[in-house]
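Enquirer: Pasting the sequence and the predicted coordinates here, then a few questions.
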Amino acid sequence: MAPDTRQENQPILSYVSSPTKIKTAKAKDAAEINKNNNNNNYETKTVLRQYFSNSNGVLAQCLVTGSILILTAGAGMPIGYSAVLLPQLAENNGTLHADSELGSWIASVHSLVSPLGSLLSGPLLDVIGRRGCLQLSSIPLCIGFAVIGMAKSIPCILAGRLIAGFAVGLVAVPAQVLIGEMADPGLRGLLVGIPFAAYSMGILFVYILGATFSWETVAFCGTALPLLALLTLSLIPESPAWLVKRRRIDAAKKALLWLRGGDIVQVNTEIALLEARAKADVARISSTASLSQQATSAISKILNPGVLKPLAIINIFNFLQILSGTYVIVFYGVNIISKLGGDSVDKYMAAVVTAAIRFLFCLVCCVLLLKVGRRPLGIISAIGTAVTCLILAGYMLAKKENSTVDAYVIGFCLLMYVAANTIGLMSLPGVMLGELLPLRARGIGGGSTFFIFNLLIFSLTKLFPLITERVGITGVFTIFGASALLESVFVYVALPETKGRSLQQIEDYFQQGNVLWVTRKREPKSNDGLTIVNV
């Protein structure tokens with residue numbers, strides 16, 4: 001039996017148990033306890049049964065997530081908008097015309113300013129709160145689409161894309177952080193992964209509209225979701241973690257009581273933990289520190305091993321994910337399908353189908369996160385992406401002339417590529433951001449991560465037409481496949497397994513000197529069925 005000192009590592013999963021119940025559990029016969037642990041899925045099933053029996057708490061967390069999803073779906077629309085905008089602008093009979101070079105700027109400029117929004121979201125998270133930051137971001141998102149809809153020239157379209165791109169950068173971090181801080185650990189994998197399904201839903205929505213309506217009409221439709229989100233976000237509470245940091249304890253208790261379905265024991269325990277963390281964070285930085293001292297403190301915070309190591313893992317994962325084509329296929333979806341299938345494929349309908357598959361497998365990923373670890377999901381996704389890319393590249397290289405079979409083979413490979421890529425590579429970064437970064441660094445760490453992430457997307461999106469011209473569509477998918485293979489190796493070597501772990505346990509893992517998962521320090525599990533010591 002584990003020593004009593006293990007209670008400091010007790011995960012939030014056991015908050016619903018009162019101290020009396022815990023002591024009673026400790027007094028049980030060891031044989032009976034071990035019998036309860038024979039089933040490998042025992043803890044998962046117990047956690048799910050525990051959460052879903054508290055229907056009020058689950059409903060409250062789903063309502064919060066739903067409000068955020070409306071906004072993230074709206075943020076997904078400008079991501080996919082260029083795929084339907086560029087083909088219409090390329091037509092000589094249109095009101096406006098854009099060639100390949102100008103089109104690459106229209107597609108990529110969105111990601112050029114998204115890093116600024118991501119970087120700004122870091123301090124805004126701490127100043128106006130997680131919910132406040134999301135409410136603020138809905139305003140430029142709506143304005144950006146309105147400017148595009150009313151555009152009479154290419155510069156106006158670029159201006160609208162800039163404004164909308166800034167808003168998308170502003171949305172990403174607070175959406176993940178707010179859900180991560182409000183969700184119970186047993187539901188966190190499901191809820192934190194859902195925003196990527198919402199992004200995919202926004203992409204699907206804009207593809208469907210683009211297959212039917214003009215780009216101006218699609219732009220005006222893009223203002224609806226941000227306006228609705230502005231309303232729904234006003235109906236949910238602010239993050240309890242942020243409220244505690246601002247010393248608004250009563251408001252934090254009220255919010256947490258609603259989120260936990262009235263479980264006062266769990267609320268009091270979580271509040272005590274949040275207060276302890278807040279005091280520890282305050283102790284690190286003097287309240288009277290100058291601006292330069294605060295900047296130095298921010299740098300030292302990032303350089304802390306408990307922050308730097310998860311940041312490195314997330315950013316390397318993102319780099320390889322982007323090189324595997326995750327977002328290029330979104331920005332240039334219609335054009336890529338046209339290059340692959342030629343005239344034998346309805347490119348707009350094919351783009352809609354790929355977006356539908358992406359949305360569907362985002363939902364599948366959210367469900368799998370409840371049962372499957374992050375590591376196996378990432379490895380399977382990366383290998384699946386690599387295999388489908390290389391098969392597609394090989395087929396394009398081997399085929400001599402157009403055949404009626406081409407559309408079926410290429411279509412199947414492309415859909416399998418989107419499915420494999422979405423189920424892990426696309427969805428896991430959001431989960432990693434909400435789980436790997438410690439509370440004290442989620443603002444600056446999340447902002448800097450999305451800053452780098454969007455700069456990488458901008459670079460590849462801008463260079464994609466040039467790369468395609470040099471190596472062809474076959475070479476492009478070969479690069480995608482090779483990058484995905486490297487991603488699978490990286491996930492196996494470095495990504496820690498966080499399923500079923502509390503945020504405190506994950507933070508402790510990085511503070512213990514662990515760098516690579518394969519060389520981690522292993523600790524024995526507790527045998528009382530209440531805690532999980534090793535990560």
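Expert: Structure's in. What do you need?
Enquirer: all helices of the stretch 51-200 of the chain, in order?
Expert: Along the stretch 51-200 of the chain, counting by DSSP state H, counting those that start in this stretch, helices occupy 55-90, 100-127, 130-149, 154-182, 185-210.
Enquirer: Distance to R470 and mean pLDDT added to those helices, as CSV?
Expert: C-beta here means a position set from N, CA and C on the backbone, and glycine is covered the same way. Formatted as CSV, the helices of the stretch 51-200 of the chain follow (distance: least, C-beta to C-beta, whole Å; pLDDT from 0 to 100):
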stretch, distance to R470, mean pLDDT
helix 55-90, 20, 89
helix 100-127, 13, 86
helix 130-149, 31, 94
helix 154-182, 26, 90
helix 185-210, 27, 82
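Enquirer: export the ones you listed to CSV and tack on mean neighbour count and distance to A241?
Expert: As requested, the helices of the stretch 51-200 of the chain are arranged in CSV below (neighbours: other C-beta atoms under 10 Å; distance: least, C-beta to C-beta, whole Å):
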stretch, mean neighbour count, distance to A241
helix 55-90, 23, 13
helix 100-127, 21, 11
helix 130-149, 23, 8
helix 154-182, 25, 4
helix 185-210, 25, 13
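Enquirer: Out of those, which is closest to F453?
Expert: Nearest to F453 among the helices of the stretch 51-200 of the chain is helix 100-127 (7.3 Å), distances taken as C-beta to C-beta.
Enquirer: now the closest one, how far from the chain's geometric center?
Expert: Mean C-alpha position of helix 100-127 versus that of the full chain (C-alpha atoms, centre = their mean, to the nearest Å) differs by 16 Å.
Enquirer: Verify the contact between L485 and A386 for me.
Expert: Yes. Between L485 and A386 a contact is recorded at 4.4 Å, counting by C-beta atoms under 8 Å.
Enquirer: So for the two, which residue has more residues nearby?
Expert: Neighbour count, other C-beta atoms under 10 Å: between L485 and A386, A386 has more, with 23 against 19.
Enquirer: The more buried one touches A482, doesn't it?
Expert: Yes. Under the criterion of C-beta under 8 Å, A386 makes contact with A482 at 7.5 Å.
Enquirer: Distance to L360 for the helices of the stretch 51-200 of the chain - can I get that in CSV?
Expert: Below are the helices of the stretch 51-200 of the chain laid out as CSV (distance: least, C-beta to C-beta, whole Å):
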stretch, distance to L360
helix 55-90, 15
helix 100-127, 25
helix 130-149, 25
helix 154-182, 21
helix 185-210, 8
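Enquirer: Any idea which of these gets closest to L392?
Expert: Each of the helices of the stretch 51-200 of the chain has some distance to L392 by C-beta to C-beta; the shortest is helix 55-90, at 18.8 Å.
Enquirer: That closest one to helix 154-182, inter-axis angle?
Expert: Calculated by axes from the mean of the first three to the mean of the last three C-alpha atoms, to 10 degrees, helix 55-90 forms an angle of 160 degrees with helix 154-182.
Enquirer: All the helices of the stretch 351-500 of the chain, residue numbers only.
Expert: Assigned by DSSP H, counting those that start in this stretch, the stretch 351-500 of the chain shows helices spanning 374-398, 406-421, 428-436, 442-494.
Enquirer: any chance of those in CSV, plus distance to L63 and mean pLDDT?
Expert: Shown next, in CSV, are the helices of the stretch 351-500 of the chain (distance: least, C-beta to C-beta, whole Å; pLDDT from 0 to 100):
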stretch, distance to L63, mean pLDDT
helix 374-398, 26, 94
helix 406-421, 30, 89
helix 428-436, 18, 83
helix 442-494, 22, 90
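Enquirer: So, low pLDDT: which residues of the stretch 251-400 of the chain?
Expert: Along the stretch 251-400 of the chain, segments meeting pLDDT under 70 span 281-295, 297-298, 342-345.
Enquirer: dump the residue contacts of V307.
Expert: Counting by C-beta atoms under 8 Å, 6 or more residues apart in numbering, V307 makes contact with 301, 437-438, 440-441, 445, 510.
Enquirer: you'd agree A441 is up against L303?
Expert: No. A441 is not in contact with L303 according to C-beta under 8 Å; the separation is 10.6 Å.
Enquirer: Neighbour count: those two, which is higher?
Expert: The residue with more neighbours, out of A441 and L303, is A441; 22 against 10, by other C-beta under 10 Å.
Enquirer: name the element the nearest residue to that one once chain neighbours are set aside belongs to?
Expert: In space, A441 comes closest to V307 once its chain neighbours are excluded; the distance is 4.4 Å by C-beta to C-beta, 6 or more residues apart in numbering. Using DSSP states H and E, V307 maps to helix 305-323.
Enquirer: ok, and for that helix, which residues are buried?
Expert: Under the neighbour-count criterion of 16 or more other C-beta atoms under 10 Å, helix 305-323 has 306-307, 309-311, 313-323 buried.
Enquirer: What angle do helix 406-421 and that helix make with each other?
Expert: 180 degrees.
Enquirer: Please export the alpha-carbon coordinates of helix 305-323; PDB is fine.
Expert: Backbone C-alpha positions of helix 305-323 (Å, rounded to 0.1, in the frame of the first residue of the first chain) are rendered in PDB as follows:
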ATOM      1  CA  PRO A 305      11.800  23.100 -17.200                       C
ATOM      2  CA  GLY A 306       8.200  22.500 -16.200                       C
ATOM      3  CA  VAL A 307       7.100  24.900 -19.000                       C
ATOM      4  CA  LEU A 308       9.900  24.600 -21.600                       C
ATOM      5  CA  LYS A 309       9.600  20.900 -22.000                       C
ATOM      6  CA  PRO A 310       5.900  20.700 -22.700                       C
ATOM      7  CA  LEU A 311       6.300  23.800 -25.000                       C
ATOM      8  CA  ALA A 312       9.000  22.000 -27.000                       C
ATOM      9  CA  ILE A 313       6.900  18.900 -27.300                       C
ATOM     10  CA  ILE A 314       3.800  20.800 -28.500                       C
ATOM     11  CA  ASN A 315       5.700  23.000 -31.000                       C
ATOM     12  CA  ILE A 316       7.700  20.100 -32.500                       C
ATOM     13  CA  PHE A 317       4.400  18.100 -32.900                       C
ATOM     14  CA  ASN A 318       2.800  21.100 -34.500                       C
ATOM     15  CA  PHE A 319       5.700  21.600 -37.000                       C
ATOM     16  CA  LEU A 320       5.600  18.000 -38.200                       C
ATOM     17  CA  GLN A 321       1.800  18.200 -38.300                       C
ATOM     18  CA  ILE A 322       1.800  21.200 -40.500                       C
ATOM     19  CA  LEU A 323       4.300  19.600 -42.900                       C
END
